[in-house]
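# heads up, no residue letters with this:
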């Protein structure tokens, strides 16, 4: 009765927001307790009649436990190791009974009660209102991809908002749709008119980038917890590692694009982009409209995957096909516009104005879309494997049902035929042949299936 509180301690101390976190902390507590209990018994047996050695061992164990807890893989286990050693070894040293016998009794109870409490903590967190780390990881990854994509799009739209010809009303109208009414004034040359809008735009980009960076530690911790859930509970979500790597890649590309973000309405980089995408080249306006369509399709694809990770929407292959098509259009028109400018000899002027910033933006956007398409291909292949597995199971079920129906039909025919019995001593003609004939095809299909 005096040791029952040790069973409740893991239930109180190991309950965390997710089931994976409970599994990891319970495992560390159990391992730390087992190692600490064994080490305490061994230390007491070696230092039975040497108080000075036991005193030095106390400091060594305290240092080792605290130092080991600094490693993320050990963490809580180092604290429980040192605590268990002190409770068992020092408690047995002060006992009036045989110290080694007392250490064996207390250590056994300590280890057994902690193991029982850790198992109870894992079972309770898995059965009663569980919050799985895999689902939380997918939710946060979806938010990260939404923020990174929006920041990437806004950074590229800084150039599109000031591009256009003053005599081209359609370009002015499109610029107004992108950046608001004041974008037309910026195109006409009033650089200070859009300054508040540009500042708020840059602030929004920086805020979203900060939001992405603030989740790095949390996403890595949730990934470890999700792996613990997969190992203990069998929550098989094999795409989590690939999703984490893809999210990290997309976030780094978006950060690079945001670093290249220029105040296009008040800098020479904006003038270079204006010349590059103006009507002076045949493919310039086409490239500009293609980038805007690429933005729309990218936003739609990211939103679709985010809803898919939340379990709200099924995969949409049309959105991915549209994104791939717009990506190819922008890539092709960007190359054609560049070659056209080189043929006209205007590249020197653009280099002086700083066209490399616009180059970096477009290449970053194309690279971002390429990485996104790779992620979508991975999800499509994973979904295809699951569909194939479900179809194989359904085929096997249909074949089994066909075999059972055939067997029941033959049995009913045998029962309805007078004077026919199946047995070794029966001299009449056997009716088992139709059964084998009806079973041949389904059984052969089952063999082929497996």
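Thanks, I have the structure now. What you see is a predicted model; the values in this text were computed from it and never measured.
# residues in contact with residue 40?
If a contact means C-beta atoms under 8 Å, 6 or more residues apart in numbering, then residue 40 has 84, 85, 87, 88, 89, 92, 103, 107 as its contacts. No exception for glycine: its C-beta is placed from N, CA and C like everyone else's.
# Residue 311 - how many residues pack around it?
Look at residue 311: counted by other C-beta atoms under 10 Å, it has 10 neighbours.
# For it, give me phi and psi.
Main-chain dihedrals, residue 311, degrees, to the nearest 10: phi 80, psi 20.
# Now residue 26: closest residue in space, sequence neighbours ignored.
residue 118 (3.8 Å; C-beta to C-beta, 6 or more residues apart in numbering).
# That neighbour touches residue 9, doesn't it?
No - using C-beta atoms under 8 Å, residue 118 is not in contact with residue 9; the gap is 9.6 Å.
# Between the two, which has more neighbouring residues?
The neighbour comparison of residue 118 against residue 9 (other C-beta under 10 Å) goes to residue 118, with 25 against 17.
# Next one: the more buried one from residue 6, what distance?
11 Å (C-beta to C-beta, to the nearest Å).
# Ok, residue 101 next?
Counting by C-beta to C-beta - residue 101 and residue 6 are separated by 19 Å.
# same deal with residue 348?
In terms of C-beta to C-beta, residue 348 sits 79 Å off from residue 6.
# likewise residue 373?
With C-beta to C-beta as the criterion, residue 373 and residue 6 are 54 Å apart.
# the more surrounded of the two?
residue 6 (19 against 15).
# Does anything pack onto the strand or helix carrying the more buried one? Which helices or strands?
In the assignment (DSSP states H and E), residue 6 maps to helix 5-13. With contacts taken as 3 or more C-beta pairs under 8 Å, 6 or more residues apart in numbering; DSSP states H and E, helix 5-13 sits against helix 19-46, helix 99-127.
# just those helices: most buried one?
helix 19-46 (a mean of 22; mean count of other C-beta atoms under 10 Å).
# about what we covered before: got CSV for the contacts of residue 40, with pLDDT, secondary structure and distance to residue 72 too?
Output for these, formatted as CSV (pLDDT from 0 to 100; DSSP: H, G, I helix; E, B strand; the rest coil; distance: C-beta to C-beta, whole Å):
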residue, pLDDT, secondary structure, distance to residue 72
84, 93, helix, 21
85, 93, helix, 22
87, 89, helix, 25
88, 90, helix, 27
89, 88, helix, 27
92, 83, helix, 32
103, 88, helix, 31
107, 90, helix, 28
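# Looking at the residues you listed, spot the one nearest residue 64.
Among those, residue 85 lies closest to residue 64 (C-beta to C-beta), at 9.3 Å.
# was I right about the closest one contacting residue 43?
Yes - with contact defined as C-beta under 8 Å, residue 85 reaches residue 43; the gap is 7.3 Å.
# Name the residues contacting each of these two.
Residues touching both residue 85 and residue 43 (C-beta under 8 Å, 6+ apart): residue 61.
# just for this protein, where's the confidence low?
For the chain, applying pLDDT under 70 flags the ranges 1, 159, 161-199, 235-238, 259-267, 313, 315, 382-450.
# who touches stretch 201-217?
Contacts for stretch 201-217 (C-beta under 8 Å, 6+ apart): 140, 143-144, 147-148, 150-151, 154-155, 158, 179, 251, 254-255, 258, 261, 263.
# Which parts of it count as buried, going by neighbours?
For stretch 201-217, a neighbour-count test (16 or more other C-beta atoms under 10 Å) marks 201, 202, 205, 208, 209, 212, 215 as buried.
# roughly how far apart are the spatially closest residue to the third one that is not a sequence neighbour and residue 4?
Think residue 205. Spatial nearest neighbour of residue 205, excluding adjacent residues (C-beta to C-beta, 6+ apart): residue 151 at 4.8 Å. Going from residue 151 to residue 4 by C-beta to C-beta gives 55 Å.
# Neighbour count: the two, which is higher?
With neighbours defined as other C-beta under 10 Å, residue 151 and residue 4 compare such that residue 151 has more, 25 against 10.
# isn't the more buried one right next to residue 254, touching?
Yes - with contacts counted by C-beta under 8 Å, residue 151 reaches residue 254, the gap being 5.4 Å.
# Type out the ChimeraX command that picks the buried ones from the contacts of stretch 201-217.
Listed next is the ChimeraX selection for buried residues among those, using 16+ other C-beta under 10 Å:
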select :140,144,147,148,150,151,154,155,158,179,251,254,255,258,261,263
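# Please narrow the contacts of stretch 201-217 to those residing in strands.
Of these, none are assigned to strands by DSSP state E.
# Could you list which of the contacts of stretch 201-217 belong to helices?
In this view, the contacts of stretch 201-217 that belong to helices under DSSP state H are 140, 143-144, 147-148, 150-151, 154-155, 158, 179, 251, 254-255, 258.
# Could you point out which of the residues you listed is nearest to residue 233?
Once C-beta to C-beta is applied, the member of these that ends up nearest residue 233 is residue 140, at 20.1 Å.
# who touches the closest one in this structure?
Residue 140 sits next to 215, 218, 219, 222 when contact means C-beta under 8 Å, 6+ apart.
# And residue 126, by the same measure?
Going by C-beta under 8 Å, 6+ apart, the list of residues near residue 126 reads 19, 233.
# same check, this time on residue 374
residue 246.
# got it, and residue 247?
Contacts of residue 247 (C-beta under 8 Å, 6+ apart): 141, 144, 145, 148, 219.
# pretty sure the third one is touching residue 304, no?
No - the pair residue 145 and residue 304 does not pass the contact test of C-beta under 8 Å, sitting 11.0 Å apart.
# Look at the two and report which has more neighbours.
The neighbour comparison of residue 145 against residue 304 (other C-beta under 10 Å) goes to residue 145, with 25 against 21.
# Name the nearest residue to that one, ignoring sequence neighbours.
Closest to residue 145 by C-beta to C-beta, 6+ apart is residue 302, at 5.5 Å.
# burial count for that neighbour?
The burial count for residue 302: 25, using other C-beta under 10 Å.
# In CSV, list the contacts of residue 247 along with distance to residue 55.
Formatted as CSV, these follow (distance: C-beta to C-beta, whole Å):
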residue, distance to residue 55
141, 52
144, 52
145, 57
148, 56
219, 45
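# Grab the two from those residues that are most spread out in space.
148 and 219 (12.5 Å).
# Make a markdown table out of the helices and strands packed on helix 5-13 and add distance to residue 241.
Formatted as a markdown table, these follow (distance: least, C-beta to C-beta, whole Å):
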| stretch | distance to residue 241 |
| --- | --- |
| helix 19-46 | 14 |
| helix 99-127 | 22 |
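# check which helix or strand covers the residue nearest to residue 145.
helix 284-309.
# Kindly report the same for residue 219.
helix 216-233.
# in that helix, what counts as buried?
In helix 216-233, counting by 16+ other C-beta under 10 Å, buried: 219, 221-230, 232-233.
# List just the nearest of those residues to residue 325.
residue 219 (31.4 Å).
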